[in-house]
Structures are given as C-alpha cells and as structure tokens.
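In: The following comprises the amino acid sequence and a computationally predicted model.
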Amino acid sequence: MSIQRLLVGIAVTSLLALPCSSLSLAQTTGGAKSPAADEVLQKAIHDYILAHPEVLIQSLRIAKDREEFRTAEQSKALIASLKKDIVDDPHAPVRGNPNGDVTLVEFFDYRCSYCRQVEPFLQTLLKHDPGLRVVEKEFPILGPGSVYAARVALAAYKQGKHEQFRNAVMSKRSNFDEATILKLAEEVGLDLDRVKTDMNSAEVDAEIKRTAEIAKALRLSGTPAFIVGTELVPGATDLETLQALLDEARHGTN
C-alpha cells in the first residue's frame, strides 16, 4: 500500500471528524466541491497528522503487515507451483535420506560467509534426523569463483561425490581460486578429466540456469535461503527456526 493511499484513508477519517460548518466551506450551494475543496482537504490531512502522528505510524505498520502477508501468500503459491523444479529436481544434489519424510531446500553459494555460518545447523539436523532430505540448489551469485565451484560440485554429483566435495570446500576459507577447487576435487577422489568435461556440459548449464530462474521468481537476492513445505526463509537463520519449520511440515501446518 502506498503512502498516498494511507493518507487518503486518514483524510477520510479527518473529514468525518470535521464540523459541518468546515465542510460547508468546501461546497457550493449545489453540493459540489468548490475550487477551495482541495485546499481544505490538504489542510485537514496536515492538521490531523500533526495532532495525531500515532495514526500515521499505526497505518504504516498495518500496511507493512498486510504487504508482508500478501507477499508470503504469493510466495507459497509460487513454491507449490514450482515443486517439481524445487523439491523434486532429479539434477539437484541431495544430502541425508533421499526418501525422507520431510525436505529442506537450500539455495547457497560456496563463497557465502552466511552459508558457512548455517552449515553447522544443517549438519546437526542431518545427524539427528534420519528422515531429513536436504536438496542443494547451487546458486552461485558471488562472482566467477562461485560459478566455478558450483560447476565442479555438480560434476562431482555425477560421480556420486557431491557431499564429499561440498564438505571439503565448506571447510576452507571462502576466497578460494580455481586451482584450490580442483585440488580439493582431486583430494576427495574425483576423476579430474571427467570433472572438466561434465562441469561444462549442457546439463550443468541447465541446472544452474534453472536455479537462477527459480531464485528470481522467488525474489531471492542473496544466500542462503531455505524452503520447507511452502515456507520460504530468505537469509541466514538459526537451528531452532529450521527445526520448527521441519516440525510444522511433518504436521502439515506449512
């Protein structure tokens, strides 16, 4: 809701509170507005806001709450419509139980410090929840290094070693270069010749492009971001929040 619409609402309230004599100044004998009507209205708005600033503050809060609710509902509907590409994407790496009863989707970037910050929470959940399925959506937005790492990671997935590669990269500092990435790939047992072929394949191109398109549709501008059920959590969060979302999903409340 715009400020203009809010002020119109306040103006209506103001005019209803004005004495009849004040309103009559803004009308002709035929009941139509006189040229001075707009000035009377503007002054009424001005005077009312000065006398009752809390009304404007309250209106802004209500408008913000309504907008957030509307955005959340739109997001839920969009997530539901994109379930096949978000939750059931056969080209996206999966951690945990591939047949788990609840799925958590993470959009992440290997060079993102906030992604590294929440990684221990994911590890804790995976360790203690045998029914958890985590879908990893490679969303490299922090430059060429991020894209390179994501491509190698998806190539590692083709060799059945995505989680090993991921863990190796996440344990390093985020300012890695291509040589470091390839060294880590070799250390976890990946065939580098195959990696260099697969990382530039049309399939990997399509997966990264598809994730970027989903992120754009969901208005994600950073990493990490999480989806459980139809609930979207943009940005870093804590273990308690993630656990609560999983509990709600299991009980069918999100």
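Out: Arrived safely, thanks for sending.
In: Was I right to think A217 contacts S81?
Out: No - in this structure A217 lies outside contact range of S81 using C-beta atoms under 8 Å: 9.4 Å. Backbone N, C-alpha and C define where each C-beta goes, glycine included.
In: Neighbour count for the two, which is higher?
Out: A217 (14 against 11; other C-beta atoms under 10 Å).
In: Where do the domain boundaries of the protein fall?
Out: Annotated domains of the chain cover 3-70, 84-250 [automatic domain parsing].
In: Mind pulling up the pLDDT for T29?
Out: Looking at T29, its pLDDT stands at 45.
In: Now the common contact residues for A217 and S81.
Out: Applying C-beta atoms under 8 Å, 6 or more residues apart in numbering, one finds that no residue jointly contacts A217 and S81.
In: and the domains of the chain as JSON lines, adding distance to A77?
Out: Supplementary listing: those in JSON lines, determined by distance: least, C-beta to C-beta, whole Å:
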{"stretch": "domain 3-70", "distance to A77": "11"}
{"stretch": "domain 84-250", "distance to A77": "8"}
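In: rank those domains by pLDDT, which is bottom?
Out: domain 3-70 - the lowest mean pLDDT of the domains of the chain, at a mean of 62.
In: looking at the domains of the chain, which is closest to K76?
Out: For the domains of the chain, proximity to K76 was assessed by C-beta to C-beta; domain 84-250 is nearest, at 4.0 Å.
In: Endpoints of the closest one, how far apart?
Out: Domain 84-250 has an end-to-end distance of 19 Å (criterion: C-alpha to C-alpha, to the nearest Å).
In: I'd like the numbering to begin with 52 instead of 1 from here.
Out: Right, with 52 as the first residue, what we last looked at is domain 135-301.
In: Could you check how far N150 is from L233?
Out: Note on N150: its distance to L233, by C-beta to C-beta, to the nearest Å, is 33 Å.
In: Neighbour count for the two, which is higher?
Out: Taking neighbours as other C-beta under 10 Å, N150 and L233 compare with L233 leading, 16 against 8.
In: From what I see, the more buried one and A206 are in contact.
Out: No - applying C-beta under 8 Å as the test, L233 and A206 come out as separate, 10.8 Å apart.
In: Could you check how far the residue nearest to K209 when sequence neighbours are not counted is from L283?
Out: Closest residue in space to K209, ignoring its immediate chain neighbours: D249 at 5.1 Å, by C-beta to C-beta, 6 or more residues apart in numbering. Distance of D249 to L283, given as C-beta to C-beta: 31 Å.
In: and the host helix or strand of V284, which strands flank it?
Out: Assigned by DSSP states H and E, V284 belongs to strand 282-285. Note on strand 282-285: by DSSP bridges, its sheet partners are strand 276-279 (antiparallel).
In: List of residues touching the partner strand?
Out: Contact with strand 276-279 is made by 130, 137-138, 153-158, 190, 266, 269, 283-286, 288, 293, 296-297, 299-300, 305, as judged by C-beta under 8 Å, 6+ apart.
In: And that strand, what's buried?
Out: Neighbour counts over strand 276-279 (16 or more other C-beta atoms under 10 Å) mark A276, F277, I278, V279 as buried.
In: got it, and stretch 175-187?
Out: Neighbour-count burial for stretch 175-187 [16+ other C-beta under 10 Å]: L176, L177, D180, L183, R184, V185, V186, E187.
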